[in-house]
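**Student:** Need a 3D model of the following:
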Amino acid sequence: MPKLDDLVKNGTPLGIAIGLGAAIAATVIVPALPAIVRASRPTARAAIKSGLVLLEKGREVMAEANEEFDDMLAEVKAELKQERKARTAHVDDTEVVIKSNSDEA
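**Tutor:** Prediction:
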């Protein structure tokens, strides 16, 4: 004959208790579900509405950030182009000085 300690240690009574509790809760909750759904509808609509507003604001912020990034990128590209032109002009000036020095000799 099993002892009480053996039953408690193997978890069978706990499983039975959870099963009975779930069955009782289901008989109480299932008939009340339509009322719960009707009562929670305005809250769910408000949550969805808030989510959409946040989504729109997030899109606006990301669009502005993207525009700022594009502006900075264009500025950096223009600076690089100017630096390349200046470097090329400096190299051309150096070649002219070298050529004119070699012409004099």
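**Student:** From residue 64, how far off is residue 71?
**Tutor:** Distance check for residue 71 against residue 64: by Cβ to Cβ, to the nearest Å, it reads 11 Å. C-betas here are computed from N, CA, C, even on glycine.
**Student:** ditto for residue 77
**Tutor:** Relative to residue 64, and taking Cβ to Cβ, residue 77 is found at 21 Å.
**Student:** Check residue 78 too.
**Tutor:** Going from residue 78 to residue 64 by Cβ to Cβ gives 21 Å.
**Student:** Tell me how many other residues surround residue 31.
**Tutor:** By other Cβ atoms under 10 Å, 9 other residues sit near residue 31.
**Student:** begin at 8 from here
**Tutor:** Will do, 8 is the new start, and the previous item becomes residue 38.
**Student:** so which strand or helix has it?
**Tutor:** helix 19-111 (DSSP states H and E).
**Student:** which secondary structure elements does that helix contact?
**Tutor:** Using 3 or more Cβ pairs under 8 Å, 6 or more residues apart in numbering; DSSP states H and E, no helix or strand is in contact with helix 19-111.
**Student:** Mean confidence (pLDDT) on that helix, please.
**Tutor:** The pLDDT scores in helix 19-111 average 86.
**Student:** So what's the gap between that helix and the chain middle?
**Tutor:** Remark: helix 19-111 is offset 5 Å from the chain centroid, using Cα atoms, centre = their mean, to the nearest Å.
**Student:** Can you get me a residue count around residue 72?
**Tutor:** For residue 72, the count of nearby residues is 10 (other Cβ under 10 Å).
**Student:** Could you do residue 51 as well?
**Tutor:** Neighbour count for residue 51, taken as other Cβ under 10 Å: 10.
**Student:** I'd like to know how far it sits from residue 41.
**Tutor:** Here the criterion is Cβ to Cβ. By it, residue 51 lies 15 Å from residue 41.
**Student:** just residue 87 next, same as before
**Tutor:** Counting by Cβ to Cβ - residue 87 and residue 41 are separated by 67 Å.
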